[in-house]
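Student: Build me a structure from this.
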Amino acid sequence: MKLICYGVRKVERAYFEKLNKFGYDLTLVEELLNDSNIDMIQGHEAVMLRANCPANRVNLEKMKSFGVKYLLTRTVGYNHIDLDVANEMGFKMARVPRYSPNAIAELAVTFAMNLVRKGAYMVDRTRNRNFIIDEYMFSPEIRNLTVGVIGTGKIGFTSAKLFRGLGAKVIAYDLYLNEHSKEYVEYVTLEELNKKADIITIHCPYCKGENDKMIDDKFIANLKKGAIIINTARGELQDVEAVIRGIESGKIGGYATDVFSNEKEFFFKDMSGKEMDPTVEKLISLYPRVLVTPHIGSYTDEALTNMIETSYKNLDEFLKTGDCSNKL
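Tutor: So this is what the prediction gives:
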């Protein structure tokens, strides 16, 4: 079985090779799928994508013409695949429904600690040989703060445990209460969470048409003044212009995001000296009150292992049974 995998960074190659216990004939491509490298698919029966690899009608038609039968994505989300078109063409598709929740949860905690203790700001100043301690560096201890977790699935649950481990009081909001989480959180309404939380970390899924731009002017208006917001979930959950207004007004004390709705335009690219979405550029310019990372939440050894192993097993299941428990 010839399998081509896109978006395989150099550090990931050894994992793809080591975990290939099924004997797949691998072609590992560092770049994301694009117009200039899609022809590399010729001769392969299976394709593995990652986020921001566009499986649109044009690309799917090419894959079909190349003889591709299996389309895998090593991600939880699959909005980069036009499912209607792919199903119409008869592709067998599967995703990775879960991977190490610690990967995302630890990034959320890292963001929180950096914004609370002004870590990035202080390191940047000392890097420039400025060792003066100013008022901005003064901070509370996280054990004296209240953390609000929106979404208490596996990642939100893990985040809650980590924040509780630091001594914080943790409250949570979810449409569906998680009994296991009640050991670590107190469930409250979204309105109460916004008013009480010093730090809010978002871990809910994006449901198109239901929670688009959830972090909007209304959401921000209900915040405790100076609250920190962290989004390691989906870019579609945030209204970037509203966030900018919240930062500039002082309503939001700090903001961190690992995601943007239009991130494929600039993430995983060197944009030095190039034009970007002016709204995103404006948000980034609000450093150190704003911290941005390039969709790096799942970039850990454990999460990568989970993604590759599950994707390989998905293909093996298709080959052996014609079906897959993680099919799309």
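Student: Can you list the residue ranges for strands in the stretch 151-300 of the chain?
Tutor: Using DSSP state E, counting those that start in this stretch, the strands assigned to the stretch 151-300 of the chain run over residues 169-173, 186-187, 199-202, 227-231, 252-257, 290-292.
Student: from these, which stretch is densest packed?
Tutor: strand 199-202 (a mean of 28; mean count of other Cβ atoms under 10 Å). Quick note: C-beta positions are derived from backbone N, CA and C, even for glycine.
Student: Including distance to Glu317, could the strands of the stretch 151-300 of the chain go into TSV?
Tutor: Below are the strands of the stretch 151-300 of the chain laid out as TSV (distance: least, Cβ to Cβ, whole Å):
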stretch	distance to Glu317
strand 169-173	35
strand 186-187	37
strand 199-202	33
strand 227-231	33
strand 252-257	35
strand 290-292	37
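Student: For Thr321, find the nearest of those strands.
Tutor: Thr321 sits nearest to strand 199-202 of all the strands of the stretch 151-300 of the chain, at 37.1 Å, using Cβ to Cβ.
Student: Can you tell me the strand partners of that closest one and which way each runs?
Tutor: For strand 199-202, the paired strands and their directions (DSSP bridges) are strand 146-150 (parallel), strand 227-231 (parallel).
Student: tilt between the last one and strand 252-257?
Tutor: Between the axes of strand 227-231 and strand 252-257, defined by axes from the mean of the first three to the mean of the last three Cα atoms, to 10 degrees, the angle is 10 degrees.
Student: The first one too?
Tutor: Our comparison of strand 146-150 with strand 252-257, counting by the same axes, to 10 degrees, yields an angle of 40 degrees.
Student: Quick check: mean pLDDT of strand 146-150?
Tutor: Averaged across strand 146-150, pLDDT comes to 98.
Student: With distance to Asp39 added, can I get the strands paired with strand 199-202 in TSV?
Tutor: Formatted as TSV, these follow (distance: least, Cβ to Cβ, whole Å):
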stretch	distance to Asp39
strand 146-150	43
strand 227-231	36
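Student: mind checking which of those strands is nearest Cys5?
Tutor: strand 227-231 (28.0 Å).
Student: Show me how far that closest one is from its chain's centre.
Tutor: Averaging C-alpha positions (Cα atoms, centre = their mean, to the nearest Å) puts strand 227-231 15 Å from its chain's average.
Student: Then stretch 230-249?
Tutor: 14 Å.
Student: in it, what's buried?
Tutor: Buried residues in stretch 230-249, counted by 16 or more other Cβ atoms under 10 Å: 230-240, 242-244, 246-247.
Student: What of stretch 97-112?
Tutor: By neighbour count on 16+ other Cβ under 10 Å, the buried set for stretch 97-112 is 99-112.
Student: same question for it, mean pLDDT?
Tutor: 96.
Student: who touches it?
Tutor: Applying Cβ atoms under 8 Å, 6 or more residues apart in numbering, the external contacts of stretch 97-112 come out as 76, 142, 147, 154-155, 157-159, 161-163, 166, 199, 201, 203, 228, 230, 232, 256, 258, 291, 293, 296-300, 302-303, 306-307, 310, 326.
Student: contacts for the longest helix that the chain contains?
Tutor: Taking DSSP state H as the criterion, the chain has its longest helix at helix 301-321. Residues outside helix 301-321 that contact it (Cβ under 8 Å, 6+ apart): 1, 3, 12, 15-16, 19-22, 24, 46, 48, 70, 72-75, 92, 94-100, 102-103, 298, 323-327.
Student: ok so, going back, so which of the strands paired with strand 199-202 comes closest to Met214?
Tutor: For Met214, the closest of those is strand 146-150, at 8.3 Å, according to Cβ to Cβ.
Student: Just the buried residues of the closest one, please?
Tutor: For strand 146-150, the neighbour count (16+ other Cβ under 10 Å) marks Thr146, Val147, Gly148, Val149, Ile150 as buried.
Student: Output the residues you listed as CSV; include the columns distance to Arg57.
Tutor: Shown next, in CSV, are the buried residues of strand 146-150 (distance: Cβ to Cβ, whole Å):
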residue, distance to Arg57
Thr146, 47
Val147, 43
Gly148, 41
Val149, 38
Ile150, 35
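Student: Just name the closest of those to Asn178, please.
Tutor: Distances from Asn178 to these, taken by Cβ to Cβ, are shortest for Val149, at 10.3 Å.
Student: List the residues that contact the nearest residue to the closest one once chain neighbours are set aside.
Tutor: Excluding its sequence neighbours, the residue lying closest to Val149 (Cβ to Cβ, 6 or more residues apart in numbering) is Ala172, at 4.3 Å. With contacts defined as Cβ under 8 Å, 6+ apart, Ala172 is in contact with Gly148, Val149, Ile150, Thr152, Gly156, Ala160, Ser181, Val185, Glu186, Tyr187, Val188, Leu193.
Student: quick check, nearest of those to Asp277?
Tutor: Out of the contacts of Ala172, the member with the shortest distance to Asp277 (by Cβ to Cβ) is Ile150, at 25.2 Å.
Student: Great, nothing more from me.
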